[in-house]
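Student: from the sequence below, what's the structure:
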Amino acid sequence: MHTFHRCSAAVVLLTTAAVAQFTQITSSHRAHTDARLSPDASHVAYRVGSTSIGVVDRGGISETLLHSSAGNSLSSFVWSLGSVALYFADGNAILSVPVTGGLPTTIAPAVAGSDVKLWCIDALGQVLFGTRRDAATSTSFVFRLPVNGSAAPVDVLNRPGVIDDVDIDLTGVLLLRHWTGSTPVPATFDRHDLAANTFIVMKTVNQLAESAHWVTSTGSHFVVAMTSPAHPNEPQIARIDTVGTVDFLADEGGIHLRPFYPGNSSEEIVFETTSPITPGATAIGMVPNHGGAVLFADSTTPLFLNGGATTGGLTIDAATTTLALCAGTSATDPEPQIYVAEIDEDIHVHPQLFIGSTFQIDLAVRPGEIGAAAVADGLTTGAPFTFPGLGGEFWLDRRSGHMLTVLVGIGVGIPVTGTYNIPFSPSLRGLQLWVQAVHFDTTVTGSFTHFGYYRVF
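Tutor: Residues are numbered from 1 along each chain as shown. Presented below is the predicted three-dimensional model:
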């Protein structure tokens, strides 16, 4: 066991943190799936199977069905950049509807082919990207379409079989998964530069790899959920680069599904995982897009996300402060609801920790506040520690020799940062440590970070 020096009681009081609880914001008698936060995080849109598309404000005060499909053929939707409208595919038609309600506007009345879906919108909010399929030739196409309907859909590329998991980075480079056969194994991930009309085959994966998102603004890395050599039966969170190198950002026991990244300059990838403090419960893990500590938002109860599917139903806003998900309370729950949680992350441990390398801990502290972070070799086996004036609980193991305060500072408008060197010692490989932090003012009033772990590779 890795042992730390004993900390004083005074320091222990400064290492308290909170577990964010999920708040259910809908309770209507309908099946909520494919939650998607608006860019300004004011609303959550969702589908009711293939029948309807709806929206609810983040506080859960007003929920509205915006459109119902006459042909029961609603497949997908995308938010407008200004959070004022939804673009969606209903059969072969592409339409838009204001978030405030009203009649939909037709953008494209009849996209050719079958399996028409919308996937993403460009960084300027002017062009939609979708996929369609020609069943006669077993070929799929990515098409582009101006949001104002001023031009007809135009195909930009095609691949044999199926194209899905389409994403776009800030420079206009597409990421797409394509595969043939009845299941997406093997599947190839391509990087397609729209401006240059060129593409790079980034990786062909001979196992199931799902929920692809760019995690850098220049199209150099993307993230998927797939099994690892260490956990061949449990999906993990893997980052893949332009030469196909696979780097597992989260590689622990338990499931790791539906990675989601908002596609901006923030760091956090969020994903579904299992609770480290409540057996059988669901948690949302958050890991920097370049590796580091995995932090947790815990539901404290089992939830079955997105109707039991392994993808979709999880989203975070562009500011990386709020997450939303669709989940039921059982695998057969006919009416999954929408939950939200605040995930404002004040602590980061990054990048990925390797023996012989350097990493840092960053703690956001407001001017004049005191901030502190601690690490431990485990979590408490009893009740979490609380302290008056500081919300939430402290989950690290506070016993003598198990915890160490590693960072203390006073805010001056920039994060309090500590830089640490990892000796080049093979015995450290595999070491897992838990981390948590707090910041508070002179009245001992403050807020707390989530707790999490980091592992030395």
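
Student: drop to CA atoms for contacts and neighbour counts, all remaining ones
Tutor: Noted.

Student: doesn't A309 make contact with A331?
Tutor: No. Between A331 and A309 there is no contact under Cα atoms under 8 Å: 9.6 Å.

Student: look at the two and report which has more neighbours.
Tutor: A331 (16 against 13; other Cα atoms under 10 Å).

Student: from D165, how far off is the more buried one?
Tutor: The span separating A331 from D165 equals 24 Å under the rule Cα to Cα, to the nearest Å.

Student: wait, what's in contact with the nearest residue to N148 once chain neighbours are set aside?
Tutor: Nearest residue to N148, sequence neighbours excluded (Cα to Cα, 6 or more residues apart in numbering): I107, at 6.5 Å. By Cα atoms under 8 Å, 6 or more residues apart in numbering, I107 lies in contact with A93, I94, L95, S96, V147, N148, G149.

Student: how about the strands in the stretch 1-150 of the chain?
Tutor: 23-24, 33-37, 43-48, 52-57, 63-68, 74-79, 85-90, 93-98, 105-108, 114-121, 127-134, 139-146 (DSSP state E, counting those that start in this stretch).

Student: which among the ones you listed is found nearest to G389?
Tutor: Nearest to G389, of all the strands of the stretch 1-150 of the chain, is strand 23-24, at 22.4 Å by Cα to Cα.

Student: show me what that closest one is packed up against.
Tutor: Where contact means 3 or more Cα pairs under 8 Å, 6 or more residues apart in numbering; DSSP states H and E, strand 23-24 is packed against strand 337-342.

Student: try it again with 10 Å
Tutor: strand 322-328, strand 337-342 (3 or more Cα pairs under 10 Å, 6 or more residues apart in numbering; DSSP states H and E).

Student: pick the most buried one from the ones you listed.
Tutor: strand 322-328 (a mean of 26; mean count of other Cα atoms under 10 Å).

Student: quick one: average pLDDT of that one?
Tutor: For strand 322-328, mean pLDDT is 95.

Student: same check on stretch 103-111?
Tutor: Per-residue scores along stretch 103-111 average to 97.

Student: ends of that stretch, how far apart?
Tutor: Counting by Cα to Cα, you get 20 Å between the two ends of stretch 103-111.

Student: give me the buried positions along that stretch.
Tutor: By neighbour count on 16 or more other Cα atoms under 10 Å, the buried set for stretch 103-111 is P104, T106, I107, A108, V111.

Student: ditto for stretch 37-51
Tutor: 37-39, 41, 43-51.

Student: hang on, the earlier thing: how close does the residue nearest to N148 get to L86?
Tutor: Counting by Cα to Cα, the gap from I107 to L86 is 12 Å.

Student: just E335 next, same as before
Tutor: 23 Å.

Student: please apply the same query to I422.
Tutor: 48 Å.

Student: likewise A196?
Tutor: Distance from A196 to L86, by Cα to Cα: 29 Å.

Student: hmm, back to that, intersection of neighbour lists for I107 and L86?
Tutor: Among the neighbours of I107, those also in contact with L86 (Cα atoms under 10 Å, 6 or more residues apart in numbering) are L95, S96.

Student: any idea which of the strands of the stretch 1-150 of the chain gets closest to T380?
Tutor: strand 23-24 (25.2 Å).

Student: strands paired with that closest one, and their directions?
Tutor: strand 337-342 (antiparallel) (DSSP bridges).

Student: beyond the strand it pairs with, next helix or strand please.
Tutor: Next helix or strand after strand 337-342 toward the C-terminus (DSSP states H and E): strand 347-350.

Student: and that following strand, average pLDDT?
Tutor: 94.

Student: cool, and stretch 148-158?
Tutor: Here the average pLDDT along stretch 148-158 is 96.

Student: state the distance spanning the first to the last residue of that stretch.
Tutor: Termini of stretch 148-158 sit 24 Å apart (Cα to Cα).

Student: same deal with stretch 404-415?
Tutor: Counting by Cα to Cα, the terminal residues of stretch 404-415 are separated by 20 Å.

Student: so what's I370 bridging to?
Tutor: If you apply DSSP bridges, the partners that I370 bridges to are I410, F440.

Student: tell me, how many residues neighbour it?
Tutor: 21.

Student: cool, and R399?
Tutor: 11.

Student: and it, what's its pLDDT?
Tutor: In this prediction R399 is given a pLDDT of 92.

Student: what's the helix or strand for it?
Tutor: Here R399 is assigned to no helix or strand, by DSSP H and E.

Student: how much space between it and D377?
Tutor: 10 Å.

Student: what do you get for G101?
Tutor: For G101, the distance to D377 - Cα to Cα - is 52 Å.

Student: these two: who's more crowded?
Tutor: Neighbour count, other Cα under 10 Å: between G101 and D377, D377 has more, with 22 against 14.

Student: wait, doesn't the more buried one sit right on W434?
Tutor: Yes. Here D377 reaches W434: they are 6.1 Å apart, a contact under Cα atoms under 10 Å.
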